[in-house]
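>>> Quick one, fold the following:
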Amino acid sequence: MKTVHEGTFLFPATHPLFADHFEGAPVVPGSLLLRAFVEEAGTVWPDFATQGATGFRFRRFVTPGRHPFRMERTDLTVRCTLMDTQGGVLVRGDLTTADATGDAGEAALHTSPRGTTA
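A predicted model of the protein is given here:
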């Protein structure tokens, strides 16, 4: 199975987060980008339970505004790509889910005393 979903994420420049991240040169945090992909995958494919993320590469800083994205689902992964308005890749990586045995392998999210890490 392979299905594709495309859309646009909006990261409003007026959000208070961008006042401090970073002052004078706002950048969307990587954790917010990852969360946007996880939430979108859960909305589009409710049967896909994200268990981890692997191979995410942040090629350039993502500034607030509208950014087109593409998500390609297979049985166990969703390939996520965030682009600039000219179609250049800003971010790419895979969300993963548990396989039939319930094991998500090395990509599983782990809880530590300092929080959740990939």
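>>> Every contact and neighbour count from this point should use C-alpha atoms.
Fine.
>>> For the protein, which element, helix or strand, carries the lowest mean pLDDT?
Ranked by mean pLDDT, DSSP states H and E, the weakest helix or strand in the chain is strand 110-112, scoring a mean of 33.
>>> A53 bridge partners, please.
With DSSP bridges as the criterion, A53 is bridged to L95.
>>> no no, V78
Beta-bridge partners for V78, by DSSP bridges, are R73, L95.
>>> 59 is where my numbering starts, stick with that
All set: I'll call the first residue 59, so the last point we hit is now V136.
>>> tally of neighbours for it?
The local packing of V136 (other C-alpha atoms under 10 Å) involves 26 other residues.
>>> What of L68?
Other residues close to L68 by other C-alpha under 10 Å number 12.
>>> Likewise for the one 10 residues further on?
Using other C-alpha under 10 Å, D78 has 11 neighbouring residues.
>>> Please state the offset of stretch 68-81 from the chain centre?
In this view, stretch 68-81 has its centroid 18 Å away from the chain centroid, taken as C-alpha atoms, centre = their mean, to the nearest Å.
>>> repeat for stretch 75-82
That offset, for stretch 75-82, works out to 21 Å (C-alpha atoms, centre = their mean).
>>> Ok, stretch 66-83 next?
Put simply, stretch 66-83 sits 17 Å off its chain's centre (C-alpha atoms, centre = their mean).
>>> low-confidence ranges in this structure?
Across the chain, the ranges flagged by pLDDT under 70 are 157-176.
>>> repeat that for 90
Filtered on pLDDT under 90, the chain yields the residue ranges 59-60, 81, 156-176.
>>> Distance check, the residue nearest the centre of the chain against G82.
Here the mean C-alpha position of the chain is nearest to the C-alpha of L92 (C-alpha atoms, centre = their mean), at a distance of 2.9 Å. Applying C-alpha to C-alpha, to the nearest Å, the value for L92 to G82 is 23 Å.
>>> if I pick the closest residue to F127 other than its chain neighbours, what's in contact with it?
Leaving aside its sequence neighbours, F127 sits nearest to L140 (C-alpha to C-alpha, 6 or more residues apart in numbering; 4.4 Å). Applying C-alpha atoms under 8 Å, 6 or more residues apart in numbering to L140 gives the contacts 125-128, 147-150.
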